[in-house]
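A.B. asks: Curious how this folds, go ahead:
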Amino acid sequence: MPTILTIMSRFMRRTGWYLLGDLIIVVIAYRVALTGRFAGASPDAHYLQAWNTYIVLIVFIHLAANYWAGMYSRLWRFASAPDALIVVQAWLGATIPLMLMDMLPAARLEPTIRPLPLSALALGGFLAAAGLTMLRYRTRVLVSLIFRLRRAGQKTTGGNSAIRTLIVGAGETGQSLSWQLQNRSGGRAYQVLGFIDDDVDKHGFNVHGIPILGGRAQLLELVVLHKVDLIVLAIHAIAGNEFREILSVCQNAPARIQIVPDVFEELATSANKSLLRDVTVDDFLGRSPAEIDIEVCRGMLQGSTVLVTGGAGSIGTELCRQALAFDAKLVVAVDMNETGLYELQAETSMTNSQRNLNVCVADVTDSEQVAEIFERYRPEVVFHTAAYKHVPLMELHPRVALRTNVLGTLNVGLSAREVGAERFVLISTDKAVEPASIYGVTKLIAEQVTAGLAVESSDTLFACVRFGNVLGSRGSVVPLFEKQIESGGPITVTHPDITRFYMTIPEAVRLVIQASALTRGGDLFMLEMGESIRITELAERMIRLHGLRPEVDIQIEFTGLRPGEKLHEELIENEESREATKHAQIYRVFSARRKSNNLALAILEQWVLSALDLPENDLKKTLRSYSSDSVMYQSNSSERQ
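C.D. replies: Purely as a prediction, here's the structure:
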């Protein structure tokens, strides 16, 4: 039970000192206002008598107005400019009633004279508001004053060991960073020299006392002139090409580069997280985080059993994480990679107290094993990501590619239909568009298998989601480039002009889940990938991220396109068209040719089984010449025989 002394001590810490300070400020403000009304001369005896009579009421009304406006329920240590409106509200809430009361006949001490001049009340209210504001903003004013004195001392002595910092972006993020670097204890290691912003209307102005020095065109010159140690990118929601242009300019400067994390991505992290982080490869995309309909996606996954094939892969692992985050009742990860499944299980056991992740070491090409897993768990939602996807390797192993990517899709799809799953989603690829590789052909056939299942299924919604590469996935160029840089180079790129579409793994998975919620069955979705990225440019920027110089410290060698590799990928065929959905980054793909050549599932299955019996070289030729027409022709020929 707290004692009276404890209660009083807590009251004084929270509110009492403000009440006492406000009382003193109001008394002084109105006394100064009354004296000022008479130009410094002593007021008439009538007004002095009114002062002595009504000062207690004036103080009470001001304190009541302060309470009504919420001035005693705020942490003023963290006050910002909008909080000053609270002081204005309290000022008007006290001054207007006082002036109205002053005009009431009942308040007069003498019949023909008001108690106090209206001008004195107006001036007193204004002075009181100014005093209340200074009392509450004293910390920020003192900190700013100390900061300016410290900066002046640093300029005078020149003995400053702080990191000389230039902020790119004088918008909301930049100004917030500047204030925190000046006022937070962690910011003492930085000396903010100025801002860079392309808005010429801002040039010459100051933000929190820091000048806006110029635009990106002057950046290199300013870095050298001011001996800048660190460039901080404080810009968000910017187009990918524009961000890459700014980053390219910064990387040519002799200074380290860091970026301000997006506050909405950092909400769940520790309050002690650093204000800055290093620039990563993901930042090259310059993409705004994909927004999805959280409630719709949660409604689809919450309380459901979700099965993810390829659950140990990059996409599969992230699907498991996000399904758990959407409160799935149970997530079942299926994969042949036991190590990946173990790592996923260990990771989720630390963050998921419900422990509702099960793992199954299984091969999707084993129809009996797949059927047993589906019968055991009876999932409502199935994400089929299991596939062999490395283009050069699949050129050498066509039988494995066809068996896993196509027969595996058929096995998983049939089992999903058998147990009455609500949704089945195949993860497809841009390499299925006008395929030039065996991998691309097998994914095209997998799309057709899924379409065939959709036609023959009434209870299960079958859909495909097609997108390009993801940054940082296993076997992608980013981890390869990292290893090549660490070993001193060279970095190997197949062609100087080769391009690829990229998005981050979390973004791709969010959009896959959103597309799953949008499907009506039989849909082929494609994700908006933004602009394609030159792999050579990606390699150069990764070299610079390590503080090295392309072609000087690390060489870039061009090895030539590999078998099955395209110079540029597409997300849609010439004969296909796309239709917008409710989500701006998800499109439905339609193809009159594919619709007219839609293969019956039994015909497609028979063709796949026959192809698997072919010799290796014949199988390669068959896959490279694959078309729906040829499959139909072979089927008709077999029937006639």
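A.B. asks: Output the contacting helices and strands for the longest helix along the chain.
C.D. replies: Looking across the chain with DSSP state H, the single longest helix is helix 45-69. Applying 3 or more Cβ pairs under 8 Å, 6 or more residues apart in numbering; DSSP states H and E, one finds that helix 45-69 contacts helix 17-37, helix 84-102, helix 118-136. Every C-beta, even on glycine, is put in place using the N, C-alpha and C of the backbone.
A.B. asks: buried residues in that helix?
C.D. replies: Buried residues in helix 45-69, counted by 16 or more other Cβ atoms under 10 Å: 47, 50-51, 54-55, 58-59, 61-63, 65-66, 69.
A.B. asks: Report the mean per-residue pLDDT for stretch 607-624.
C.D. replies: Averaging pLDDT along stretch 607-624 yields 89.
A.B. asks: Same check on stretch 377-393?
C.D. replies: Averaging pLDDT along stretch 377-393 yields 93.
A.B. asks: Alpha carbons only: can I get that stretch in PDB?
C.D. replies: This file holds the C-alpha atoms of stretch 377-393, laid out as PDB (Å, rounded to 0.1, in the frame of the first residue of the first chain):
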ATOM      1  CA  TYR A 377      -2.900 -33.500 -42.300                       C
ATOM      2  CA  ARG A 378      -5.800 -32.700 -44.700                       C
ATOM      3  CA  PRO A 379      -4.600 -29.200 -45.400                       C
ATOM      4  CA  GLU A 380      -7.000 -26.400 -46.500                       C
ATOM      5  CA  VAL A 381      -4.400 -24.300 -48.300                       C
ATOM      6  CA  VAL A 382      -1.500 -25.800 -50.300                       C
ATOM      7  CA  PHE A 383       1.500 -23.800 -51.600                       C
ATOM      8  CA  HIS A 384       3.500 -25.800 -54.100                       C
ATOM      9  CA  THR A 385       7.000 -24.400 -54.400                       C
ATOM     10  CA  ALA A 386       9.000 -27.600 -54.700                       C
ATOM     11  CA  ALA A 387      11.000 -27.600 -57.900                       C
ATOM     12  CA  TYR A 388      14.400 -28.000 -59.400                       C
ATOM     13  CA  LYS A 389      15.100 -24.500 -60.700                       C
ATOM     14  CA  HIS A 390      18.800 -24.000 -61.600                       C
ATOM     15  CA  VAL A 391      18.800 -23.600 -65.400                       C
ATOM     16  CA  PRO A 392      22.200 -24.900 -66.400                       C
ATOM     17  CA  LEU A 393      21.900 -28.000 -64.100                       C
END
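A.B. asks: Return the residues in contact with Ala255.
C.D. replies: Going by Cβ atoms under 8 Å, 6 or more residues apart in numbering, Ala255 touches Leu166, Val223, Val228, Asp229, Leu230, Ile231.
A.B. asks: go again using 7 Å as the cut-off
C.D. replies: By Cβ atoms under 7 Å, 6 or more residues apart in numbering, the contact set of Ala255 is Val223, Val228, Asp229, Leu230, Ile231.
A.B. asks: was I right about the first one contacting Ala253?
C.D. replies: Read that as Val223. Yes. Val223 is in contact with Ala253 according to Cβ atoms under 7 Å; the separation is 4.3 Å.
A.B. asks: The two - which one has more neighbours?
C.D. replies: Val223 (23 against 17; other Cβ atoms under 10 Å).
A.B. asks: if we can go back for a sec, keep only those of the contacts of Ala255 that are in helices.
C.D. replies: Val223.
A.B. asks: Where neighbours are concerned, which of the contacts of Ala255 has the most?
C.D. replies: Counting by other Cβ under 10 Å, top hit in these: Ile231 with 25 neighbours.
A.B. asks: re earlier: any chance of TSV for the contacts of Ala255, columns distance to Leu135 and pLDDT?
C.D. replies: Listed next are the contacts of Ala255 as TSV, based on distance: Cβ to Cβ, whole Å; pLDDT from 0 to 100:
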residue	distance to Leu135	pLDDT
Val223	42	90
Val228	39	89
Asp229	39	87
Leu230	37	88
Ile231	39	88
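A.B. asks: Please convert the contacts of Ala255 to TSV, extending it with distance to Ala84.
C.D. replies: Compiled in TSV, the contacts of Ala255 are given as follows (distance: Cβ to Cβ, whole Å):
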residue	distance to Ala84
Val223	37
Val228	34
Asp229	36
Leu230	33
Ile231	33
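A.B. asks: and which of the contacts of Ala255 is nearest Glu395?
C.D. replies: The closest of the contacts of Ala255 to Glu395 turns out to be Ile231 (Cβ to Cβ; 43.6 Å).
A.B. asks: Check whether the closest one really touches Val168, as I assumed.
C.D. replies: Yes. Between Ile231 and Val168 a contact is recorded at 6.2 Å, counting by Cβ under 7 Å.
A.B. asks: Show me whatever sits in contact with both of these two.
C.D. replies: With Cβ under 7 Å, 6+ apart, Ile231 and Val168 have common neighbours Cys250.
A.B. asks: wait, which of the helices and strands packed on helix 45-69 is closest to Pro490?
C.D. replies: Comparing the helices and strands packed on helix 45-69 by Cβ to Cβ, helix 84-102 comes nearest, at 59.1 Å.
A.B. asks: What angle do helix 45-69 and the closest one make with each other?
C.D. replies: 140 degrees (axes from the mean of the first three to the mean of the last three Cα atoms, to 10 degrees).
A.B. asks: ok now helix 84-102, how far from the chain's centre?
C.D. replies: 43 Å (Cα atoms, centre = their mean, to the nearest Å).
A.B. asks: can you check stretch 321-330 too?
C.D. replies: So, by Cα atoms, centre = their mean, the centroid of stretch 321-330 is 19 Å from its chain's centroid.
A.B. asks: Counting neighbours, what do you get for Glu343?
C.D. replies: For Glu343, using other Cβ under 10 Å, the count is 13.
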